[in-house]
Each structure stands twice: as structure tokens, then as C-alpha cells.
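J.: Could you look at this predicted model? Sequence included:
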Amino acid sequence: MNKRILVISSLLLALGFLGANAHAMDVHATFNELDKDSNGTLSEAEAGEDAVLHENFSQIDTNQDGQLSLDEFKKFIQ
């Protein structure tokens, strides 16, 4: 199975076992890994690298601007 597809799924499973600081670092690291163009947001194409993000993109994109901000991403992960 493609490792990128499992990034968010694995992160969600692991969060129960991590402290707050480790959680914050993992969320940022995962977001940055998905943010291929390093513009600080995830496009739908970038989010498409992960099945969970892809399936929930429109719900995660709360301001409906077609991009996921780090804050939107964090809220979804929590």
C-alpha cells in the first residue's frame, strides 16, 4: 500500500500514544510533507496524496477557499 496514503491514517492512530509536544511536531511535519509547493496550504491535489484527507477535503476546508490551512488541518486531526 502506498505510504503517502497511510500518512494521516497512521498519524490518527498514533496520536493516542503521543504527548502534546510530539503531537504538535508530528502534525506540522505531516502537513509540511504534504505541502509539496511549500506555500503553507494544501491544495486538493496535495491533500489527494492521503485517502482520508481526500475523502473529507470539503468538510475540512471550513472557509471553502479550496485550500487547507494548517489550522484547518489541525482541527481535523484533533
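T.: Yep, it's here.

J.: Helices of the protein, start to end?
T.: With helices called from DSSP state H, the chain shows them at 3-14, 20-34, 44-47, 51-60, 70-77.

J.: Neighbours of the closest residue to residue 74 other than its chain neighbours, how many?
T.: Among residues not flanking residue 74 along the chain, residue 27 sits closest, at 5.8 Å (Cβ to Cβ, 6 or more residues apart in numbering). Using the backbone N, CA and C atoms, a C-beta is placed for each residue, glycine as well. Number of residues near residue 27 (other Cβ atoms under 10 Å) recorded here: 19.

J.: Check residue 62 too.
T.: 13.

J.: Just the pLDDT for it.
T.: Listed pLDDT for residue 62 reads 97.

J.: Tell me who's in contact with it.
T.: Applying Cβ atoms under 8 Å, 6 or more residues apart in numbering to residue 62 gives the contacts 72, 75.

J.: Same check on the one 10 residues further on?
T.: Residue 72 is in contact with 60-63, counting by Cβ under 8 Å, 6+ apart.
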